[in-house]
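K.L.:
Next one to model:
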Amino acid sequence: MKEVTLYTDGSCKNNPGPGGWCCIMVYGTAEKMLSGGEKSTTNNRMELTAAIEGLSALKEPCRVRLVTDSRYLVDAITKKWAQSWKKRGWVKADKSPALNSDLWERVLELCEKHDVVFEWVRGHDGHEYNERCDAEAQRQADLHK
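P.N.:
Below is the predicted model:
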């Protein structure tokens with residue numbers, strides 16, 4: 001399997017409001033940036049969208065290291081919250097509805113296709129790829145005002 005690193009970030013102005021996302025894909029020495037945005041969204045939806053778009057862009061099953069500053073994304077997968085929400089019909093343990101179930105459904109599907117390891121990094125802490133993703137996600141959010 002090919003080994004790919006995906007760096008992702010999402011941004012939202014006035015959460016909810018205009019938002020942007022970015023994914024930088026790194027394979028060997030090659031890099032590709034994907035980005036986009038929406039006029040009305042949330043920060044968490046943009047974080048999930050960045051991961052979905054990056055994983056969806058892979059043309060074959062890969063070993064993926066997905067690096068993000070989103071605890072929401074990392075914890076929901078690594079602590080198996082999203083998997084539990086799905087089993088309960090997208091209901092959380094406290095009986096409240098799980099938000100963003102449409103996006104979580106897609107994340108879980110893509111994690112079945114690829115061998116994905118999630119890695120959290122502190123945002124706005126000088127990590128080169130995180131800073132680049134953040135800048136592009138914010139630029140996209142501004143474009144979608």
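K.L.:
Apart from its neighbours in sequence, what residue is nearest the most centrally placed residue in the chain?
P.N.:
Taking C-alpha atoms, centre = their mean, the centroid of the chain lies closest to residue 51, which sits 3.0 Å from it. In space, and not counting its chain neighbours, residue 51 is closest to residue 8: 5.1 Å by C-beta to C-beta, 6 or more residues apart in numbering. In this view, the C-beta of every residue, glycine as well, is placed from N, C-alpha and C.
K.L.:
Next, the residue nearest to the centre of the chain: secondary structure please.
P.N.:
With DSSP: H, G, I helix; E, B strand; the rest coil as the basis, residue 51 sits in helix.
K.L.:
is it true that it touches residue 64?
P.N.:
No - taking C-beta atoms under 8 Å as the definition, residue 51 is not a contact partner of residue 64, at 9.7 Å.
K.L.:
Quick check: neighbours shared by those two?
P.N.:
Residues within reach of residue 51 and of residue 64 at once, by C-beta atoms under 8 Å, 6 or more residues apart in numbering, are residue 6.
K.L.:
residue ranges with poor pLDDT in the protein?
P.N.:
By pLDDT under 70, the chain contains no weakly predicted segment.
K.L.:
Which residue ranges of it form strands?
P.N.:
2-12, 17-27, 30-41, 62-68, 115-120 (DSSP state E).
K.L.:
Let me have the ones you listed in JSON lines, adding mean neighbour count and distance to residue 55 as columns.
P.N.:
As requested, these are exported to JSON lines (neighbours: other C-beta atoms under 10 Å; distance: least, C-beta to C-beta, whole Å):
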{"stretch": "strand 2-12", "mean neighbour count": "24", "distance to residue 55": "7"}
{"stretch": "strand 17-27", "mean neighbour count": "23", "distance to residue 55": "9"}
{"stretch": "strand 30-41", "mean neighbour count": "16", "distance to residue 55": "11"}
{"stretch": "strand 62-68", "mean neighbour count": "21", "distance to residue 55": "7"}
{"stretch": "strand 115-120", "mean neighbour count": "15", "distance to residue 55": "7"}
